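Using only what follows, build the 3D model:
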Amino acid sequence: MLFTLTFFTGAALGMYMYVAVWKPVYLPEDLGSEEAAASDWSIVGERRQGYINDASFRLLSDGTYTLMTIDEETGESVVSKKGSVSGSLVKKLMLTEDEILPYKEDKECEISEDVEYEYRFTVDGYTYLLDTCETELGHDTELAISLQKVWQSIDEGDGSESMTPSKWLQKWLNENIGVENKD
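As a prediction, the model looks like this:
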């Protein structure tokens, strides 16, 4: 009985010391925040038709995204889905400043009812604005096609924040080996 009481007292004091003394010194609260991760690398994408924004997302370097759409009743932006896209797709989108600059060149754009996209790439604290209509990004460049795959992944995703191990394994096999489960 005395041994058990000593053990639980030591465990409680150890947890208190960890939370109250050691953790605040070595793990500041702002270190793991989304904003710190977003300032290192992120993409904010907006989809619009006829210059009216209908959806936007923010993609972080770990592949997680937040999709916001316009509520038809109130007209305000609401978070409609959170989830993640494949790591291989995120790796394709992790461009350096030198790789982004050619897409940033301005071009003339006519107002149309076509679906256009605007992207804000944040790389190491600097933000680059790319637009499928107003910059050289266009719709048929390699980067534009990769960004379109992000929209498809978000639209097809179930919005779940986590995956079961079997779904993760199936996704990993499909991405890395090309094996698909046909059932």
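
Provide the partner residues of the most centrally placed residue in the chain in its beta bridges.
Residue closest to the mean C-alpha point of the chain, counted by CA atoms, centre = their mean, is Leu59 at 1.9 Å. Beta bridges link Leu59 to Ile43, Tyr65 when assigned by DSSP bridges.

same check, this time on the one 10 residues further on
Each beta-bridge partner of Thr69 is listed here: Ala55, Val78, as defined by DSSP bridges.

which secondary structure elements does the helix or strand hosting Ser146 contact?
When elements are assigned from DSSP states H and E, Ser146 belongs to helix 142-156. Applying 3 or more CB pairs under 8 Å, 6 or more residues apart in numbering; DSSP states H and E, one finds that helix 142-156 makes contact with strand 41-49, strand 52-60, strand 64-70, helix 87-93, strand 115-123. Just so you know, the C-beta spots here come from the backbone N, C-alpha and C atoms, and that holds for glycine as well.

May I see those organised as CSV, with mean pLDDT and distance to Leu137 added?
Shown next, in CSV, are the helices and strands packed on helix 142-156 (pLDDT from 0 to 100; distance: least, CB to CB, whole Å):
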stretch, mean pLDDT, distance to Leu137
strand 41-49, 89, 11
strand 52-60, 87, 16
strand 64-70, 87, 19
helix 87-93, 90, 13
strand 115-123, 90, 7
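
that older thread, tell me the angle the helix holding Ser146 makes with strand 41-49.
For helix 142-156 against strand 41-49, the angle by axes from the mean of the first three to the mean of the last three CA atoms, to 10 degrees is 80 degrees.

gap between helix 142-156 and the chain center?
Centre-to-centre, helix 142-156 and its host chain are 12 Å apart (CA atoms, centre = their mean, to the nearest Å).

Flag every buried residue along it.
Residues of helix 142-156 classed as buried by neighbour count (16 or more other CB atoms under 10 Å): Leu143, Ala144, Leu147, Val150, Trp151, Ser153, Ile154.

Nearest to Val90, out of the residues you listed: which one, please.
Of all the buried residues of helix 142-156, Val90 sits closest to Val150, with 8.7 Å by CB to CB.

what about the residue nearest to that closest one when sequence neighbours are not counted, neighbour count?
Spatial nearest neighbour of Val150, excluding adjacent residues (CB to CB, 6 or more residues apart in numbering): Val85 at 5.8 Å. A count of nearby residues for Val85, using other CB atoms under 10 Å, gives 20.
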